[in-house]
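> Sequence first, predicted model second:
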Number of protein chains: 2
Amino acid sequence: MKTYLDCYPCFLKQALSAARRADASEEQQKDILLAAMNELEALPSGSMPPDMAYKIHKLVREKTKNLDPYKQAKEQATQEALDFYPQLKIKVESSVDPLEMAVRIAIAGNIIDLGVTESYDLESTLNRVLAQPFAINDLEVFRERLSAVNSILYLADNAGETVFDRILIEQIDKPVTYAVKAGPIINDATYEDAIAAGIDQVAEIIDNGSQAPGTMFEKCSESFMQHFEQAELIIAKGQANYESLSDYSAPLFFLLQAKCNVIARDLGVSETDIVLKKQL
Amino acid sequence: MKTYLDCYPCFLKQALSAARRADASEEQQKDILLAAMNELEALPSGSMPPDMAYKIHKLVREKTKNLDPYKQAKEQATQEALDFYPQLKIKVESSVDPLEMAVRIAIAGNIIDLGVTESYDLESTLNRVLAQPFAINDLEVFRERLSAVNSILYLADNAGETVFDRILIEQIDKPVTYAVKAGPIINDATYEDAIAAGIDQVAEIIDNGSQAPGTMFEKCSESFMQHFEQAELIIAKGQANYESLSDYSAPLFFLLQAKCNVIARDLGVSETDIVLKKQL
């Protein structure tokens, strides 16, 4: 997905939010905003939103010397999500369509995205997402493909969301490889975050070799790229994976909530809509 | 009020919104965003938000050759407000405290602010503002001062809001001078807009000599400054008048809704709160 002009103000908001999470002084915050504007002015045409987000969070880390401003938020999110785990398992087990329920739960977990908003309400999001119709619903193709393939590559998104991913993985009767980020970027899940969510009990965890949001090929490791290229079915979670992969041809299924009007418009849906979309 | 760092993303949002209202092409919109960032980088410390808003809307006018991007929105707002006028007059006349009711109506009208949001719901705002408690309530001092002075200077804010101001002016049994902008800036009221709201029937209309939001002294005419300096009581409507005058000593009463969290924090209130504040 291209970077829309509406993303520009949002990048500055994100820079300021990240700077504050990194305990930047007022002066450092201003410095970060000015540097972010310089990056925006120099942004090559054709850049995707994760390109700019990568630059912003890199400069926040560099200017504040805080290597993981979202560490505490990630730990809290995982803990809160784990508290929901038992009741969500019961929901799946008692559902007439456990796979659909698990998909909805995985999508509900996508609200835990501190790149888009400052806070979220997990319980009300679950209540909403478990009941609302899909704006794009490729569930039947997804079900069919799941039963046809030998293994699945699962591109993770945020820490805490990992717990909801685990519930979906537990409904998939095939080996799953779960790809996380190689280092902290926003509240995206790293190896540690995946372990804390218990993903190691249900999938093989790898990292994509990069510290960028989404899946930016030029920043990924060769070994990850081999996994990607050989994958028979790829589950791509969240906005940044959509933003970075929506223009590539691959056996992808995007699972996400449209949490801003830019991505909603790009997908042809409305804000807060839920999406299970097969890549063409 | 100083410019907070939270205002930076908001300025870009405002630039983009104004550019689109001026029918700017995609390329012009980007050009305007980049120019707005240059202005932000060069913003002198101590600048107030209306300084930057002035620059943004000036460059939108210059780059698009559209001298009044909000013209249609202003006309619609005035018409919509006029449709409410008869029922609001009845509300005031049947109220146990007609002055308080008229103040509330004038504050409700402050929702018509296209510098802060893209749209508003006038009816639901009226229902809310006519009932909610004041977060800052200097009504009794205001009432007392009104009866003590010989005349009032009323600093207008937006077109359409003018109709609600008229209702307040009609409750004031003293000569009122109503100061509008000397030329189009956002959806602020100009002479024409004031006439369309019928202000000429209840007050003398002057302009402040400037095409800037709020009341920026260095851009105002000498004749307006004389009015200002000689005023016994000044009603200052809306956020931009608060932003530009909150640090000056004058017999001011600010009437506004806190429509963003920055101004709410500066005032020590919450977003959507209503304020009638005497300047210290």
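Yep, that arrived.

> Close to chain B: what parts of chain A are there?
A:5-6, A:8-10, A:12-13, A:16, A:26, A:29-30, A:33-34, A:37-38, A:40-41 (C-beta under 8 Å from any C-beta of the partner chain). No exception for glycine: its C-beta is placed from N, CA and C like everyone else's.

> List only buried entries from the residues you listed.
Neighbour-count burial (16 or more other C-beta atoms under 10 Å in any protein chain shown) is assigned, among these, to A:5-6, A:8-10, A:12-13, A:16, A:29-30, A:33, A:37, A:40.

> Would you confirm that residue A:154 belongs to a strand?
Yes: with DSSP: H, G, I helix; E, B strand; the rest coil as the criterion, residue A:154 is part of a strand.

> just the CA coordinates of the helix or strand harbouring residue A:18, formatted as CSV?
According to DSSP states H and E, residue A:18 maps onto helix A:7-21. Listed next in CSV are the C-alpha coordinates belonging to helix A:7-21 (Å, rounded to 0.1, in the frame of the first residue of the first chain):
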residue,chain,number,x,y,z
CYS,A,7,-0.5,9.4,6.8
TYR,A,8,1.8,12.5,7.2
PRO,A,9,0.0,14.0,10.3
CYS,A,10,-0.3,10.5,11.7
PHE,A,11,3.5,9.9,11.4
LEU,A,12,4.1,13.0,13.5
LYS,A,13,1.6,11.9,16.0
GLN,A,14,3.3,8.5,16.2
ALA,A,15,6.7,10.1,16.5
LEU,A,16,5.5,12.2,19.4
SER,A,17,3.8,9.3,21.1
ALA,A,18,6.9,7.1,20.8
ALA,A,19,9.2,9.9,22.0
ARG,A,20,7.1,10.3,25.1
ARG,A,21,7.0,6.5,25.8
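
> centre of the chain versus that helix, how much separation?
Offset of helix A:7-21 from its chain centre (C-alpha atoms, centre = their mean, to the nearest Å): 18 Å.

> for it, packing partners?
helix A:26-41, helix A:49-64, helix B:7-21 (3 or more C-beta pairs under 8 Å, 6 or more residues apart in numbering or on different chains; DSSP states H and E).

> quick one on the thing from earlier: can you put the buried ones among the residues of chain A next to chain B in a markdown table and add distance to residue A:269?
Shown next, in a markdown table, are these (distance: C-beta to C-beta, whole Å):
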| residue | distance to residue A:269 |
| --- | --- |
| A:5 | 20 |
| A:6 | 16 |
| A:8 | 22 |
| A:9 | 22 |
| A:10 | 18 |
| A:12 | 26 |
| A:13 | 22 |
| A:16 | 28 |
| A:29 | 34 |
| A:30 | 37 |
| A:33 | 31 |
| A:37 | 31 |
| A:40 | 27 |
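
> list the buried ones in the helix or strand residue A:84 falls within?
Using DSSP H and E, residue A:84 falls within helix A:71-93. By neighbour count on 16+ other C-beta under 10 Å, the buried set for helix A:71-93 is A:71, A:73-74, A:77-78, A:81-82, A:84-85, A:88, A:91-92.

> same thing with stretch A:146-155?
For stretch A:146-155, by 16+ other C-beta under 10 Å, it's A:146, A:149, A:152-155.

> One more: stretch A:241-250?
A:241-246.

> can I get those in CSV with pLDDT and distance to residue A:205?
Output for those, formatted as CSV (pLDDT from 0 to 100; distance: C-beta to C-beta, whole Å):
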residue, pLDDT, distance to residue A:205
A:241, 98, 17
A:242, 98, 22
A:243, 97, 23
A:244, 97, 20
A:245, 97, 20
A:246, 96, 25
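
> mind listing which of the residues you listed are in helices?
Counted as lying in helices by DSSP state H, out of these, are A:241-245.

> and of those, the nearest to residue A:124?
Using C-beta to C-beta, the shortest approach to residue A:124 within these belongs to residue A:242, at 23.3 Å.

> if I pick the nearest residue to that closest one once chain neighbours are set aside, what's in contact with it?
Counting by C-beta to C-beta, 6 or more residues apart in numbering or on different chains, the nearest residue to residue A:242 once its immediate chain neighbours are dropped is residue A:254, at 4.9 Å. Listed by C-beta atoms under 8 Å, 6 or more residues apart in numbering or on different chains, the contact set of residue A:254 reads A:236, A:241-242, A:245-246, A:275-277, A:279.
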